[in-house]
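**Q** Turn this into a model:
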Amino acid sequence: MKGSVLIADENGERSGRIAAACAERDIHCRVVPHGAAALETALATLPDVLVVQRDLPLIDGEKLGEILRTNPRTHAVEVLYLGDRAGGSDGQAGSSRVFSPSAAPDDIAESVRAVLDEQRKEQESGEGARADSDGVEGNLAQLPLTDLLQLFHVSRKTGAVELERKGNGGHRENGRVLVSGGDVVHAVVGTVEGEKALFRLIAWERGSFTFRPEPVFVEPTIKTPTLALLREGRRQLEEWDRLPVSLPPMDAHVTLKIQSDSLPNVIHPLTQEVLLVLEHYSRIRDVVDQCSYPDYQVLRMIHTLIRRGMLSLRRDVPGPKGAPPRAGLFSPNQASRLREWLNYESPRGSRSGDAKLVVAAASPEACREFARVMNRLPGVELTEAALAGEVPEDEIVSLGRMAVDTAVGLEFIRVPVGKDFRPLWPLVAHGALGVLLLLLGPLSVAVGAITPVAEEMRKLPRSRVFHLMLLEKGQGVGPEALRENISLLDETSLFLIPQENDGKAGILLREMFGRILP
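**A** Predicted coordinates:
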């Protein structure tokens, strides 16, 4: 039979017997005596199976298996361990096997052959697919997308999966998934792309697929490991099936029954995003598309808001479709409230046309991206240094101004986050409308950089502190990460702004500044 096995064992006599038993079964073998040689050989030859001594010299067996599983070239190698089962985590990979050091060579060779048989069956694409010289075609009812992508992951395929199905009303729906070296790097369906698109395609129970091998040259919108993605996709399907309620239909419309300014400053990010999108879209299908969370989570949240009386459901079209948001960011009432606040807060006899908003950025990149996103909003005039991303890191500077109406506005004053500037933070924030903390990149790193400023600003009388998280392409932030990294979330308004979607960013920023105003 075809297949190769690498045997890594310092016991030369034992490894020789195992190699001989494998050779009798027409399995190509290589034998090495220690972990360093095993790693080098595995990376060079890409064996199908590794038989490894658990306490192998130089690099022990479990560490070697971990290295190979996390390396894109060798992640599909199946590992069989030789060692006591009590001597460590028994098979870190779910399919790993552990044999006693005294196990019969024939038993080990039979297990190697069984693993090779399993791999061959997976690579043959299984039931429901037809392979030809150009690629693979099949039916999703017989071979679900998760199983298909897992097969491509094992065989390290590179190319495009085109999917098609008949949607409600008879119209055709199309989707596309790109894989590179077996890893899913991009997915798109309709106007949705990235992980959200992949999870939506995974939910397709019927339809056809066609895979064509071809080079993939795209900026990845999906960076999560493929096996973790597929596990999450299956989990979402199971959760969807377990939902005890009937979710609202996609073509129905919903209307917000409460005023957005009556909402608390701190609500769950998913609830916040749904309510913000609902200010500009009424059809449930559009709301689901515009929200960054998985479809079933958005639909479940809409159902919850309907049940709590915050939304009303209607199946007719409520007025003109697709009406654009108002051109300006602020309403006359908001401008009036800001003027009243300025008149009250300003020293007697003085009048100022702008309220001060203190800005602290976790990194220079966060300040630069904030300026880029803000510059697309109406009424914003930023300095040349802010637009060029050349704001001095060790100076207190103005980033520019946002007009609220023709008479009043907000001025953005950037303060450095270095500890040497701690005494100046309260002075700059005195009389400010609020403090805006800019986060970019890994949440834990950004929060760590900005925490000293946040703690100092919260000590001020009547302090109002806001977090603005600039999400990079494909980045998501779950509630657990928020709880772990922003411990004072109940005292803070948090806004998640996607950098790659200017339309959605404008909607969210409109809401953010509406809440920052008095």
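**Q** Number of residues surrounding the closest residue to Gly83 other than its chain neighbours?
**A** The shortest distance from Gly83 to any residue that is not its chain neighbour, by C-beta to C-beta, 6 or more residues apart in numbering, is 2.7 Å, and that residue is Arg54. To be clear about C-beta, it is placed using only N, CA and C from the backbone, and glycine gets the same treatment. Here the count is done by other C-beta atoms under 10 Å, and Arg54 has 19 residues near it.
**Q** same check, this time on the one 4 residues further on
**A** Neighbour count of Leu58, defined by other C-beta under 10 Å: 14.
**Q** got it, and Tyr344?
**A** With neighbours defined by other C-beta under 10 Å, the count for Tyr344 comes to 8.
**Q** who touches the helix or strand where it lies?
**A** Taking DSSP states H and E as the definition, Tyr344 sits inside helix 332-345. Counting contacts by C-beta atoms under 8 Å, 6 or more residues apart in numbering, the residues outside helix 332-345 that touch it are 351-353, 355, 404-405, 407-408, 431, 433, 514, 517-518.
**Q** sorry, back to before: quick one, phi psi at the residue nearest to Gly83?
**A** Comment: the main-chain dihedrals of Arg54 come out as phi -60, psi -40, following degrees, to the nearest 10.
**Q** That one against Gly65, yeah?
**A** No - in this structure, Arg54 sits apart from Gly65 without contact. The criterion is C-beta atoms under 8 Å, and the distance is 9.5 Å.
**Q** Excluding chain neighbours, what is closest to Ala38?
**A** For Ala38, the nearest residue in space outside its immediate sequence neighbours is Ala8; the separation is 3.7 Å by C-beta to C-beta, 6+ apart.
**Q** out of the contacts of helix 332-345, who has the most neighbours?
**A** Val404 (26 neighbours).
**Q** contacting residues for that residue?
**A** For Val404, the contacting residues are Leu329, Phe330, Gln334, Ala335, Leu338, Gly379, Leu410, Leu517, by C-beta under 8 Å, 6+ apart.
**Q** I'd like those as a markdown table, with distance to Leu46 and pLDDT appended.
**A** Formatted as a markdown table, the entries for the contacts of Val404 read as follows, by distance: C-beta to C-beta, whole Å; pLDDT from 0 to 100:
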| residue | distance to Leu46 | pLDDT |
| --- | --- | --- |
| Leu329 | 56 | 70 |
| Phe330 | 61 | 77 |
| Gln334 | 63 | 81 |
| Ala335 | 66 | 83 |
| Leu338 | 65 | 85 |
| Gly379 | 58 | 83 |
| Leu410 | 59 | 90 |
| Leu517 | 60 | 84 |
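**Q** Okay, buried residues for stretch 5-15 please.
**A** Along stretch 5-15, the positions that meet the burial threshold by neighbour count (16 or more other C-beta atoms under 10 Å) are Val5, Leu6, Ile7, Ala8, Asp9, Arg14, Ser15.
**Q** sorry, that was for stretch 163-177
**A** Neighbour-count burial for stretch 163-177, counted by 16+ other C-beta under 10 Å, picks out Leu163, Arg165, Glu173, Gly175, Val177.
**Q** Ok, stretch 447-466 next?
**A** Using 16+ other C-beta under 10 Å as the burial criterion, the residues of stretch 447-466 that qualify are 447, 449-454, 456-457, 463-466.
**Q** what's the span of that stretch, first residue to last?
**A** Using C-alpha to C-alpha, to the nearest Å, the span of stretch 447-466 from its first residue to its last is 13 Å.
**Q** any residues touching that stretch, and which ones?
**A** With C-beta under 8 Å, 6+ apart as the contact definition, stretch 447-466 has outside contacts at 358, 360-363, 415, 417, 419, 422, 425-426, 429-430, 433-439, 485-486, 488, 491-495, 512, 515-516.
**Q** picking up where we left off before, a markdown table for the buried residues of stretch 5-15, including secondary structure and pLDDT?
**A** Formatted as a markdown table, the entries for the buried residues of stretch 5-15 read as follows, by DSSP: H, G, I helix; E, B strand; the rest coil; pLDDT from 0 to 100:
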| residue | secondary structure | pLDDT |
| --- | --- | --- |
| Val5 | strand | 93 |
| Leu6 | strand | 93 |
| Ile7 | strand | 94 |
| Ala8 | strand | 94 |
| Asp9 | coil | 93 |
| Arg14 | helix | 93 |
| Ser15 | helix | 92 |
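**Q** Many thanks, I have nothing further to ask.
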